[in-house]
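> give the three-dimensional model of this entry:
(2 chains)
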Amino acid sequence: MIRKILLQLCIVLCVFGCESDDSNSGNSNQTSPTFTFSHDWDGTPVSSSDFNNFMFTTANGESVSIERLRYVISDITFTANSGEILNINGHHLVDVTNDEGFSYTLPSTIPTGTFANVSFTFGLDNEDNSQNYPDLNSANFNVPDMLGGGYHYMQFDGKFINSNMEEMGFNYHAIRAVDASDPNNLIFPQDTFFTVNLGSIPITSSTEIEIEMNIAEWFKNPNLWDLNVYNQMLMPNATAQILMYENGLNVFSLGEITYGTE
Amino acid sequence: MKKNWAWILIVLLCLNCSNDDGSGGYEPTPMPLDIPEIFSNNIIPPVIPTDNPQTIEGVALGKKLFFDNILSADGTKSCVSCHSPQSAFTDNSPTSIGIDGIAGTRNSMPIFNLAWNYNERFNWDGSALSMERQAEEPVQNPIELHSNWDNVVERLQSHPEYPGLFELAFKTSTITKELTTKAIAQFERTLISANSKFDQYSLGQATLTEQELNGLDIFLREDKGDCFHCHGNPNNPLWTNNDFHNNGLDATFTDLGLGAVTGDPNDNGKFRSPSLRNLAYTAPYMHDGRFATLDEVIDHYSEGLQNSPTIDPLMKQIAQGGVQLTDQEKADLKAFLLTLSDPSFINNPEFQD
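Next up is the predicted model:
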């Protein structure tokens, strides 16, 4: 695992090496904040040790066991008070199942100071989603070409107790919504990646910003999710994708901000 | 972060030192893996332990050991007895038979592209945590080579050639278990398969038939086969996620698989997804070799699923037995699967005795 991280670091280094070593070396006002990711179910912390247990209940009343949860965030953006926008190109995979990717240090630096807004993209915007990413391919995160290609935004698998009181699988896989009823003419009804605004954040030389995902919100608001209706084969279902997108808008929030001493 | 940077620096420094050492001392010849284009285009680099770099002499030694009966207690078997090049380095019996004629409980596994098993969990159940450590096990396993390592090391040490070959590979003629398994792992990492008809198709060098393309479509469609969530896709040319799943073979388990390794009952009945490359040569299928043909495998996913508490949530329509493919769809899926087989791999002269 460590080797995998090292490999990825090397790749990151190669990719960003040229950009970062010209202007800001020796400049103590530049920093790479770290983003951390935590997960809860309406306030109760959730980690992989809570998986494979029917210990959660959706707003619609279905008992749920989580078995796999991983998702991509990308394009962290800092908006200065002046309106200047610093866009950090890059994506990051959070894999709750394997306790990996809970911490993401920006691959390049930004100036310290208070920003009017910090934001990120859930998933990948359409341009980023049309690139070929070896790390996401290696993680088997692809979306097949006949559904438009690119990558999953989120793979969330588990089981629920259905209306016949039986355990049944669900695959809450968020991707770019597509109507593929005519394979030769894919229709993308609307974007389903979205921007999450964390608000104003002061950035010092060593800042850690927590991003919180309330998993329960995927099933709650504004669309009360009935797992008996939407459970599997949701990737080709544009209606389901748009419902996920709408609920996703309420899933993320800013957690704690911690400042280290340096 | 700081720590990781430091590590990279240390690694770089070490590499530098060994390169411009200049003392005139003998060094084994580096032999970086020949990474196929289809891999370098799509997936992250392979895992090579820093303490076991690939060298020409190390690979040659590993190959000799892999084919040599000297590793078995009675001199009758070697790794290749159960991992034959003609079968993509597996064998064709449902469960493998060791030197004492006793059959184990598991189907031998093919050996290719293992340096790209990023999580480094080997065997069907993930019990071996690196290729080096994996190679320790068959030598002493009572239903495999049934030796003990002290004897093996002694036999190698008193052999006319081996001490010299270890000297060339590792700069010492003192043979140890660690160096023996390092050499074997180096050879195993060179077993790379990436030249199937489908690879050629991906590189624009071959075309697929209508039927094979239909099969790919079924493989990739979430509302048809939905095989790709576990077995890769054209952008993940390993054709496996190397992850552990219960794909619905049994309602109750005689072999707990990953569960016996982790001790977690939620892992019972989970086994590592095999690569779908080279299926033409690797029958029978599954961890216990229960299916003799690909048709049986496809029937399993279509109508044969057995429910159990740990069955993967990606398995669908379990009450009906599975994804319910028509005869035509099954035939197409099989045709596609066979495009992933790579005759140049099983015929590669570098991999023969």
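> alongside chain A, which residues does the stretch 101-250 of chain B contribute?
B:116, B:118-120, B:217, B:220-223, B:226, B:228-230, B:232-236, B:241, B:243 (C-beta under 8 Å from any C-beta of the partner chain). (Glycine included, C-beta is placed from N, CA and C.)
> can we see that at 6 Å?
B:Y118, B:L220, B:E222, B:D223, B:N233, B:N235, B:N236, B:N241 (C-beta under 6 Å from any C-beta of the partner chain).
> could you find the closest non-adjacent residue to the last one?
Closest residue in space to B:N241, ignoring its immediate chain neighbours: A:N140 at 4.1 Å, by C-beta to C-beta, 6 or more residues apart in numbering or on different chains.
> surely that neighbour touches B:N236?
Yes - under the criterion of C-beta atoms under 6 Å, A:N140 makes contact with B:N236 at 5.2 Å.
> torsion angles phi and psi at the most centrally placed residue in chain B?
Geometric centre of chain B, nearest residue: B:I111, 3.9 Å, by C-alpha atoms, centre = their mean. Taking degrees, to the nearest 10, you get phi -120, psi 100 for the backbone angles of B:I111.
> can you check B:A185 too?
phi -60, psi -40.
> okay, now the nearest residue to it once chain neighbours are set aside: neighbour count?
The shortest distance from B:A185 to any non-neighbouring residue, by C-beta to C-beta, 6+ apart, is to B:M131 (4.1 Å). Neighbourhood size, B:M131 [other C-beta atoms under 10 Å in any protein chain shown]: 23.
> pLDDT value on the residue in chain B that chain A sits nearest to, please?
Nearest residue of chain B to chain A, counting by C-beta to the nearest C-beta: B:P313, 3.3 Å away. We have a pLDDT of 98 for B:P313.
> isn't B:E212 up against B:T339?
Yes - proximity of B:E212 to B:T339 meets the contact threshold set by C-beta under 6 Å, at 5.3 Å.
> of the residues of the stretch 101-250 of chain B next to chain A - the most surrounded one?
Most surrounded of those: other C-beta under 10 Å gives B:N235, at 26 neighbours.
> what's the next secondary structure element after the lowest-mean-pLDDT helix or strand in chain A?
Sorting the helices and strands of chain A by mean pLDDT, DSSP states H and E puts helix A:2-20 at the bottom, at a mean of 46. The helix or strand immediately downstream of helix A:2-20 is strand A:30-31, counting by DSSP states H and E.
> what lines up beside that following strand in the sheet?
strand A:110-111 (antiparallel) (DSSP bridges).
> spell out which residues of the stretch 151-262 of chain A are next to chain B.
A:D157, A:G158, A:K159, A:G169, A:Q232, A:M233, A:M235, A:P236.
> so which of these wins on neighbours?
A:M235 (26 neighbours).
> mean confidence score for stretch A:33-50?
Rounded mean pLDDT across stretch A:33-50 is 97.
> and it, how far from the chain's centre?
Relative to its chain's centre, stretch A:33-50 lies at 13 Å (C-alpha atoms, centre = their mean, to the nearest Å).
> give me the contact list for that stretch.
The contact list for stretch A:33-50, computed with C-beta atoms under 6 Å, 6 or more residues apart in numbering or on different chains, reads A:56, A:94, A:96-97, A:99, A:102-106, A:203, A:207-216, A:255.
> which of those residues fall in strands?
A:56, A:94, A:103-105, A:203, A:207-214, A:255 (DSSP state E).
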